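> Provided below are the primary sequence and the corresponding predicted coordinates.
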Amino acid sequence: MPAVAYRESLPIEDPRSLEDVELPVPEPGPRDLLVRVEAVALNPVDYKVRRNTDPGGKPKVLGWDASGTVVAAGDEVELFQVGDEVYYAGALDRPGANSRYHAVDERLVGRKPTTLTYGEAAALPLTALTAWEGLFDRMGLRTGALEQTGALLVTAAAGGVGAMVVQLARALTSLTVIGTASRPETVEFARRMGARHVIDHHRSLVDQLKEVAPGGIDYIFGTTATDRYIKAYAEILNPFGHIVSIDDYASLDIGVLKRKSVSFHWEFMFTRSMFRTPDRRKQGHILAQVARLVDQGVLTTTAHRELGPVNAANLREAHRIQESGTSIGKITLSGF
């Protein structure tokens with residue numbers, strides 16, 4: 001089958017950084033679906049793995065957002081059947097989905113929203129799961145709990161995760177949603193996703209939030225630069241506030257949060273699949289709820305740029321854009 005892989009960690013400008021290859025069609029395990037992949041989407045995890053994990057000359061396939069059709073199933077599969085249209089993010093410790101066929105644990109899979117194309121659907125799984133788990137599992141917010149009041153700050157609200165956090169919080173809670181963005185096009189995108197206010201993350205967060213949220217901030221969903229903003233967070237958060245962080249950094253001074261008894265939460269979408277937690281089927285349930293909300297018109301895809309078919313040249317361009325830090329929403333690729 002056609003696939004895109006890399007054999008050594010190289011700068012994305014090097015044509016060998018991602019290459020077109022032919023690989024055997026995977027054999028599905030007992031709880032696996034074999035999916036004919038129709039579209040994939042990019043996330044920062046793709047380039048982070050490519051840059052930091054050297055496969056030692058063996059082809060390693062990336063890609064943790066996909067949509068397609070089930071063409072075969074393992075002996076113990078219970079939830080899907082051949083012909084079902086599905087979408088999912090999969091597992092970080094298994095081969096990615098940048099291939100014509102892909103094996104994935106059925107418990108991590110949801111039925112594709114019927115109102116979306118494969119490309120539009122592929123943009124959603126990883127970021128929707130990250131946003132949902134961060135808001136409702138980590139912070140403890142309750143879906144549809146309109147008595148919950150307060151303000152939520154979402155950094156990089158025009159990014160893939162930020163845009164889903166904004167949408168879910170606006171649709172399923174009564175919080176005042178405030179996003180950060182800095183360019184006219186990202187400000188417009190964040191507002192279109194549902195942010196009531198958008199502030200500039202290149203200016204003082206404290207000063208701007210005093211204007212738009214004079215009562216303070218109760219929740220922060222940090223998608224980037226948490227280490228740089230932590231002191232500002234400590235100042236703007238109300239007592240007993242919550243921070244969810246998904247980004248990477250060498251160290252973080254969380255001691256500044258103690259005085260206000262602020263709770264700090266990590267969110268890593270791959271934890272359930274990586275550690276085979278007993279509740280990993282919940283990711284399939286989350287994707288089912290997201291699909292229902294999309295088909296009802298409550299949520300929308302965050303697909304923003306389509307680069308054509310899945311091949312090495314297009315994926316190198318997608319990685320280049322992701323690494324530049326200028327991507328809006330999600331980059332997708334459709335077909336082989």
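Okay, I see it.

> Show me how far stretch 275-292 is from its chain's centre.
The chain centre lies 14 Å from the centre of stretch 275-292; the measure is C-alpha atoms, centre = their mean, to the nearest Å.

> wait, is V290 part of a helix?
Yes. Membership of V290 in a helix is supported by DSSP: H, G, I helix; E, B strand; the rest coil.

> which one is it nearest to, not counting chain neighbours?
In this structure, V290 finds its nearest non-sequential neighbour in A128, 4.7 Å apart by C-beta to C-beta, 6 or more residues apart in numbering. Placement of C-beta: from N, CA and C, glycine included.

> Return the set of residues that bridge with R305.
I331 (DSSP bridges).

> Could you measure from it over to G160?
Remark: distance between R305 and G160 (C-beta to C-beta, to the nearest Å) = 11 Å.

> now I230
I230 is 23 Å from G160, by C-beta to C-beta.

> Regarding the residue nearest to V290, what is its secondary structure?
For A128, the assignment made with three-state DSSP gives helix.

> From what I see, it and A291 are in contact.
No. Judged on C-beta atoms under 8 Å, A128 makes no contact with A291 at a distance of 9.3 Å.

> Between those two, which is the more surrounded one?
More crowded of A128 and A291, by other C-beta atoms under 10 Å: A128, with 31 against 24.

> can you pull the contacts of the more buried one?
164, 168, 286-287, 290 (C-beta atoms under 8 Å, 6 or more residues apart in numbering).

> For these, which single residue is the most surrounded?
Of all the contacts of A128, the highest neighbour tally under other C-beta under 10 Å goes to M164, namely 31 neighbours.

> Can you classify that residue by secondary structure?
Assigned with three-state DSSP, M164 falls in the helix class.

> what about it, distance to F275?
Distance of M164 to F275, computed by C-beta to C-beta: 23 Å.

> Just want to know which of I230 and G160 has more residues nearby.
Each of I230 and G160 has its neighbours counted (other C-beta under 10 Å); G160 has more, 30 against 22.

> Show the contacting residues for the residue nearest to that one when sequence neighbours are not counted.
Among residues not flanking G160 along the chain, T127 sits closest, at 4.4 Å (C-beta to C-beta, 6+ apart). T127 makes contact with 43, 160-161, 163-164, 302, 330 under the criterion C-beta under 8 Å, 6+ apart.

> Separate out the buried members of these.
Burial by neighbour count, judged by 16 or more other C-beta atoms under 10 Å, picks out 43, 160-161, 163-164, 302, 330 from the contacts of T127.

> Can you convert those into a markdown table and add a column each for pLDDT and distance to L315?
Below are those laid out as a markdown table (pLDDT from 0 to 100; distance: C-beta to C-beta, whole Å):
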| residue | pLDDT | distance to L315 |
| --- | --- | --- |
| N43 | 96 | 12 |
| G160 | 95 | 16 |
| V161 | 97 | 20 |
| A163 | 97 | 22 |
| M164 | 98 | 22 |
| T302 | 97 | 19 |
| K330 | 97 | 14 |
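
> Distance to L257 added to those, as TSV?
Converted to TSV, the buried ones among the contacts of T127 look like this (distance: C-beta to C-beta, whole Å):
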residue	distance to L257
N43	28
G160	27
V161	22
A163	26
M164	25
T302	30
K330	31
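
> Flag every buried residue along the helix or strand encompassing R320.
Per DSSP states H and E, R320 falls inside helix 312-324. For helix 312-324, the neighbour count (16+ other C-beta under 10 Å) marks 312, 314-319, 321-323 as buried.

> From the contact counts, what lies against it?
helix 44-52, strand 330-334 (3 or more C-beta pairs under 8 Å, 6 or more residues apart in numbering; DSSP states H and E).

> Quick one: residues in contact with that helix.
Here helix 312-324 makes contact (C-beta under 8 Å, 6+ apart) with 4, 12-13, 15, 17-20, 42-44, 46-47, 50, 62, 98, 305, 307-308, 327, 331, 333.

> what do you get if the cut-off is 7 Å, keeping everything else the same?
Under the criterion C-beta atoms under 7 Å, 6 or more residues apart in numbering, residues 4, 12, 17-20, 42, 44, 46-47, 50, 98, 307-308, 327, 331, 333 lie in contact with helix 312-324.
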